[in-house]
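**Student:** here's a sequence, model it:
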Amino acid sequence: MIGFYDYTVILTYLSMLSATTGIMLCLNDIGHPYLGMFFLMFCGLCDTFDGKVARTKKNRTDQMKQFGVQIDSLSDLAAFGILPACIGIAMLRSSIEFSIFPDFKFLHLADKSTIIKIILTAIAVLYALAAMIRLAFFNVIEEERQKKEGGPNKMFIGLPVTSAALVFPTILLIHIFSSADLTLLYFMFLAIVGSLFVSSIQIKKPQTKGVLLMILVGLLEAAALAWVFIVMKKQ
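**Tutor:** As a prediction, the model looks like this:
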């Protein structure tokens, strides 16, 4: 059987499984966007630790390292490129009755003109494309940097795609507690974040304190979403 299956790749595999599940849930008959958001945040949690776990194995071969790089990017494309776009599309769907969820307001796509439908769908598609370009470019630049400098990377060129795991859950939380239709805002951020993926801005890689802060924010967002489904539905 081809591939590697030791503990160094488990988190990446779990992230891919989570992303695929989230995508399927967003696009099928129970496709509430908030279900997809839980899987998006879990992907972000896996991505935070997968590299650290992989580096604990001292006797990794070059082939194992390259395999890890490739599956990490492929998983990230599904998790932070395709899944956020699918969550946006799920927000547009108006033919499904979400009777088991709180009564949130979503933009009714059927009530909008064809040009609005095309524009919003195009934004989601272009966002996924931008994520792919960002990941491929990062791999090329990182490979060149490793040959020249070595050691961990201290700066990012362009916004890392993993930022999607914090940005989009925040928008949906605002959506919940404001009781307003923020579907168009979500797509606006898809466009902004996608543009930042392929921009030339330089961002300092977060250190331990920054990573822990992002984990804390993610856990708080997950807890807030869980509270919505468990507590608000009973009220």
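**Student:** ok, which stretches of this structure are strands?
**Tutor:** 155-157, 202-204 (DSSP state E).
**Student:** isn't residue 196 right up against residue 158?
**Tutor:** Yes - distance between residue 196 and residue 158: 6.7 Å, which falls inside the contact criterion (Cβ atoms under 8 Å). Placement of C-beta: from N, CA and C, glycine included.
**Student:** adding mean pLDDT, write the strands of the chain out as CSV.
**Tutor:** Converted to CSV, the strands of the chain look like this (pLDDT from 0 to 100):
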stretch, mean pLDDT
strand 155-157, 80
strand 202-204, 84
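**Student:** who's more crowded, residue 196 and residue 158?
**Tutor:** Each of residue 196 and residue 158 has its neighbours counted (other Cβ atoms under 10 Å); residue 158 has more, 21 against 18.
**Student:** name the stretch among the strands of the chain that sits most buried.
**Tutor:** Ranked by average neighbour count under the criterion mean count of other Cβ atoms under 10 Å, these are headed by strand 155-157 at a mean of 15.
**Student:** give me the phi and psi angles of residue 4.
**Tutor:** Summarising the backbone geometry of residue 4 under the convention degrees, to the nearest 10, its torsions are phi -120, psi 150.
**Student:** and it, what does it touch?
**Tutor:** Residues in contact with residue 4, defined by Cβ atoms under 8 Å, 6 or more residues apart in numbering, are 64, 67-68.
**Student:** ok, those residues vs residue 186, which is closest?
**Tutor:** Closest approach between the contacts of residue 4 and residue 186, by Cβ to Cβ: residue 68, at 32.3 Å.
**Student:** surely that closest one meets residue 57?
**Tutor:** No - taking contact to mean Cβ under 8 Å, the distance of 9.8 Å between residue 68 and residue 57 leaves them out of contact.
**Student:** any idea how far the most centrally placed residue in the chain is from residue 178?
**Tutor:** Residue closest to the average C-alpha location in the chain (Cα atoms, centre = their mean): residue 80, at 2.8 Å. Relative to residue 178, residue 80 is positioned 25 Å away (Cβ to Cβ, to the nearest Å).
**Student:** before we move on, back to that, need the strands of the chain in a markdown table with distance to residue 164, can you?
**Tutor:** Listed next are the strands of the chain as a markdown table, based on distance: least, Cβ to Cβ, whole Å:
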| stretch | distance to residue 164 |
| --- | --- |
| strand 155-157 | 14 |
| strand 202-204 | 14 |
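**Student:** got a list of contacts for the lowest-mean-pLDDT helix or strand in the chain?
**Tutor:** Least confident element among the helices and strands of the chain, by mean pLDDT, DSSP states H and E: helix 208-230 (a mean of 77). With Cβ under 8 Å, 6+ apart as the test, helix 208-230 has contacts from 34, 37-38, 41, 44-45, 48, 101-102, 165-166, 169-170, 172-173, 176, 206.
**Student:** in helices, which of those appear?
**Tutor:** With helices defined by DSSP state H, the entries of the contacts of helix 208-230 inside them are 34, 37-38, 41, 44-45, 48, 165-166, 169-170, 172-173, 176.
**Student:** pLDDT-wise, what's the bottom of those?
**Tutor:** The pLDDT minimum for the ones in helices among the contacts of helix 208-230 sits at residue 176, where the score is 71.
**Student:** mind listing what's buried along the helix ranked longest in the chain?
**Tutor:** Of all the segments of type helix in the chain, defined by DSSP H, the longest one is helix 114-148. For helix 114-148, the neighbour count (16 or more other Cβ atoms under 10 Å) marks 120-121, 123-124, 127-128, 130-132, 134-135, 138 as buried.
**Student:** quick one: list the elements packing against that helix.
**Tutor:** For helix 114-148, the elements it packs on are helix 62-76, helix 83-92, strand 155-157, helix 183-197, judged by 3 or more Cβ pairs under 8 Å, 6 or more residues apart in numbering; DSSP states H and E.
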